[in-house]
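*Asks:* coordinates only, no sequence provided:
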């Protein structure tokens, strides 16, 4: 049961332009996340802009992005985020075996050195906040400065997502998920 009500389309005509924008950028769907965020239109619009930049306009490759998102979801126990991003992770090239091994990635041989750098960075940022120099250096072996900024922003932003989703007890979508954040 969600802790905050989900806004229905048509409830407030002032929200129509924002809802139309959300649907245009999220595959025609007004997802529960945005139905909750719409209680604060300014935050909702800022959120939409940030995550459109991260998901659709960044230079960072999609596999690295989804790997980081999936690991954040695992660490934070964010089931909504985890389930929503599985199809994206697979579409970007992750295998189901790699997804299944995420909880114990450090003992798995399923990940490339680049993927291991992303996972180590995600773990440090999410669990310890402070990133050791060696972990950051491993990231820089695979990513230029722009990509490093985008990876860092992705990890930070999806920690925000998982914390928000879990705090408000976001219900899962009904029907097939086509887009998220």
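*Replies:* Right, received. Where do you want to start? Source: prediction; values computed, not measured. Residues are numbered from 1 along each chain as shown.

*Asks:* so which bits of the top helix by length along the chain are buried?
*Replies:* In the chain, with assignment by DSSP state H, the single longest helix is helix 145-167. Within helix 145-167, the residues that count as buried by 16 or more other C-beta atoms under 10 Å are 147-148, 150-152, 154-155, 157-159, 161-162, 164-165. Bear in mind the C-beta positions are built from the backbone N, C-alpha and C, glycine included.

*Asks:* low-scoring pLDDT stretches of the chain, where are they?
*Replies:* Low-confidence segments of the chain, defined by pLDDT under 70: 175-181.

*Asks:* could you pull out the helices for it?
*Replies:* Assigned by DSSP H, the helices in the chain fall at 16-25, 32-37, 41-52, 62-76, 79-91, 96-101, 113-123, 133-140, 145-167.

*Asks:* and residue 10, which of these is closest to it?
*Replies:* Each of the helices of the chain has some distance to residue 10 by C-beta to C-beta; the shortest is helix 16-25, at 7.8 Å.

*Asks:* can you give the domain ranges for the protein?
*Replies:* By the record's domain assignment, the chain is partitioned as 13-57, 62-167 (automatic domain parsing).

*Asks:* quick one on the thing from earlier: could I get the helices of the chain in TSV, plus columns for distance to residue 2?
*Replies:* Output for the helices of the chain, formatted as TSV (distance: least, C-beta to C-beta, whole Å):
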stretch	distance to residue 2
helix 16-25	18
helix 32-37	7
helix 41-52	16
helix 62-76	18
helix 79-91	11
helix 96-101	26
helix 113-123	27
helix 133-140	36
helix 145-167	10
